[in-house]
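>>> show me the folded form of this:
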Amino acid sequence: MVGIDDVARAAGVSTATVSRALSGRGPVSAATRERVMVAAESLGYVVSAAASSLASGRARAVGVVVPFLDRWFFSTVLAGISDGLVRHGYDITLYSVGVDRDERRRVFDDHVRRRRIDALITIALESDAEESASLRRLGVPIVAIAGPNPLLTTLTVDDLAVGRLATAHLLALGHRRVAHIGADAATAAGSTVPALRRRGFEEALAEEGVADAPVYPADFTIEGGSAAAARALDAEQRPTALFAASDEMAIGAILAAREKGLRVPDDVSIIGVDGHELGRWFGLTTVDQFARGQGERAAAAVLAELDGAEPARGLGTLPFELVERGSTAPPAA
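As a prediction, this is how the structure comes out:
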């Protein structure tokens, strides 16, 4: 088995220089680092993770907590986190948590503590004060994507503004019979992502004097969006436009409209939120929230804290933009 001594002999340097060159820590000239890298590659030498961890005091691993693994947004954010961490030599330890409180407590109080991690990233995690305190007791940098938490460094899209932007687009086209597919009344009372998007929808309509716009609850899946849209399109006063709080639900709405023989956007306009890559194939107008970029930003934030940057408590706002395609148009005369 090739060891660090073999690489040192091949490169004509000390083992300490090999260690500094391969870890990226400590002074090593560019020429020497290149010589060491060539020697290591030619010998097939791989740095021992355990030895590196002992030497640096770091596990070279970042935990990521997600509420869903089978939703496009979460998997895409996770891909961005992976892009940002892997290129800096960090692995990802993934934790999936549902709504069951006992299960969540086991994850926060046991599983996360049992594994050695250098930092933690949460994705759209709705955590109460007890769970937030449990995470902070880990004593590692924590960055939250969405799920606003004043105790943590939080990167978030302004989902109230997102809801207003999507609705304003439909209003500008001339629509006044507009329905929303998203959060139910109970969820809408909070400050979750679905609630804020619904609130933005309602505020934008109220400013234009449009009252009592219907809301059809759905679960942020294509199937849920299709079922909700079917109910909306069967209404006696059929809406001329639908604003779905996610692209997956919007795609479901397009499919439901097609099943009913309706043309999009001639008979009904549909807009979503996310920037899902399938949206392009459906010609879906959307508010792109650059999900992969959110993951990359979160990875950069934890790496900065690991390098000694002060945690930026509170909110960091992430970009979003309207992408107009073919699923929205003025209502038929």
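
>>> when you work out contacts or count neighbours from here on, use the C-alpha atoms and nothing else.
OK.

>>> just the element for residue 42, please.
Secondary structure assignment for residue 42, by DSSP states H and E: helix 30-43.

>>> for that helix, name the packing helices and strands.
With contacts defined as 3 or more C-alpha pairs under 8 Å, 6 or more residues apart in numbering; DSSP states H and E, the secondary structure elements packing on helix 30-43 are helix 4-11, helix 15-23.

>>> and the angle from that helix to helix 15-23?
Taking axes from the mean of the first three to the mean of the last three C-alpha atoms, to 10 degrees, one finds that helix 30-43 is oriented at 90 degrees with respect to helix 15-23.

>>> just the angle between helix 30-43 and helix 4-11, please?
Direction vectors for helix 30-43 and helix 4-11, defined by the same axes, to 10 degrees, enclose an angle of 120 degrees.

>>> quick one: helix 30-43 to chain centroid distance?
Using C-alpha atoms, centre = their mean, to the nearest Å, we find the averaged C-alpha position of helix 30-43 to lie 37 Å away from the chain's own average C-alpha position.

>>> in that helix, what's buried?
32, 33, 35, 36, 37, 39, 40 (16 or more other C-alpha atoms under 10 Å).

>>> turn these into JSON lines, including distance to residue 80 and pLDDT.
As requested, the buried residues of helix 30-43 are arranged in JSON lines below (distance: C-alpha to C-alpha, whole Å; pLDDT from 0 to 100):
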{"residue": "32", "distance to residue 80": "32", "pLDDT": "89"}
{"residue": "33", "distance to residue 80": "29", "pLDDT": "88"}
{"residue": "35", "distance to residue 80": "32", "pLDDT": "91"}
{"residue": "36", "distance to residue 80": "30", "pLDDT": "90"}
{"residue": "37", "distance to residue 80": "27", "pLDDT": "88"}
{"residue": "39", "distance to residue 80": "32", "pLDDT": "89"}
{"residue": "40", "distance to residue 80": "29", "pLDDT": "88"}
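
>>> got TSV for those residues, with distance to residue 167 too?
Converted to TSV, the buried residues of helix 30-43 look like this (distance: C-alpha to C-alpha, whole Å):
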residue	distance to residue 167
32	58
33	55
35	59
36	58
37	55
39	59
40	57
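
>>> quick one: which of those is nearest residue 325?
Comparing the buried residues of helix 30-43 against residue 325 with C-alpha to C-alpha places residue 37 closest, at 48.1 Å.
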